[in-house]
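Undergrad: Sequence first, predicted model second:
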Amino acid sequence: MILRGRVIYPGKAEGTVVKCEKPVVILGDIDPQRGYVQGCGDISGKIFVFPRGAGSTVGSYTIYALKYYGKAPVAMIVEEAEPIVVAGAIIAEIPTVDRVDISSIKNGSRVRIEGDKVEILD
């Protein structure tokens with residue numbers, strides 16, 4: 001299945017999905033030193049899928065900190081990326097696509113991202 005979205009930060013990536021069903025409070029829910037999202041799991045080296053981010057502007061630096069500590073996801077797919085997620089994706093250079101209906105993306109699925117195209121592989 002192929003889904004289309006809007007490119008926030010361009011790139012190619014393939015990996016296993018870690019999906020959060022609820023909005024993620026970037027500063028409070030993410031431990032950047034471990035690459036762990038409270039209630040969702042380890043996003044390090046994975047495709048991180050979530051509906052939207054929430055919280056303060058410091059959240060952008062939390063996303064950058066994931067990259068700094070070597071614990072960043074290989075890509076992010078977001079239903080609606082607000083400025084915190086957009087800025088974080090750009091400064092951390094994480095391929096990110098938003099405006100994607102994430103309801104058909106399941107936790108643990110394999111996904112490939114290329115530009116605005118999100119391909120569910122299984």
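TA: Looks like it came in fine. Numbers count the residues shown, from 1 in each chain.
Undergrad: In contact with the residue sitting nearest the centre point of the chain, which residues?
TA: The residue lying closest to the centre of the chain (CA atoms, centre = their mean) is Met76, at 2.4 Å. By CB atoms under 8 Å, 6 or more residues apart in numbering, the contact set of Met76 is 8, 47-50, 85, 89, 94-97. Bear in mind the C-beta positions are built from the backbone N, C-alpha and C, glycine included.
Undergrad: now Gly59
TA: By CB under 8 Å, 6+ apart, the neighbours of Gly59 are 25-27, 53, 84-85, 88.
Undergrad: next one: Glu21
TA: By CB under 8 Å, 6+ apart, the neighbours of Glu21 are Pro51.
Undergrad: Show me where the protein has its strands.
TA: 2-4, 6-9, 12-19, 24-25, 30-31, 36-37, 41-42, 47-50, 53-54, 75-78, 96-98, 110-114, 117-120 (DSSP state E).
Undergrad: Would you mind giving the ones you listed as a markdown table with distance to Lys67 added?
TA: Below are these laid out as a markdown table (distance: least, CB to CB, whole Å):
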| stretch | distance to Lys67 |
| --- | --- |
| strand 2-4 | 25 |
| strand 6-9 | 12 |
| strand 12-19 | 14 |
| strand 24-25 | 16 |
| strand 30-31 | 12 |
| strand 36-37 | 15 |
| strand 41-42 | 15 |
| strand 47-50 | 12 |
| strand 53-54 | 16 |
| strand 75-78 | 12 |
| strand 96-98 | 12 |
| strand 110-114 | 17 |
| strand 117-120 | 21 |
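Undergrad: Nice, that's everything, thank you.
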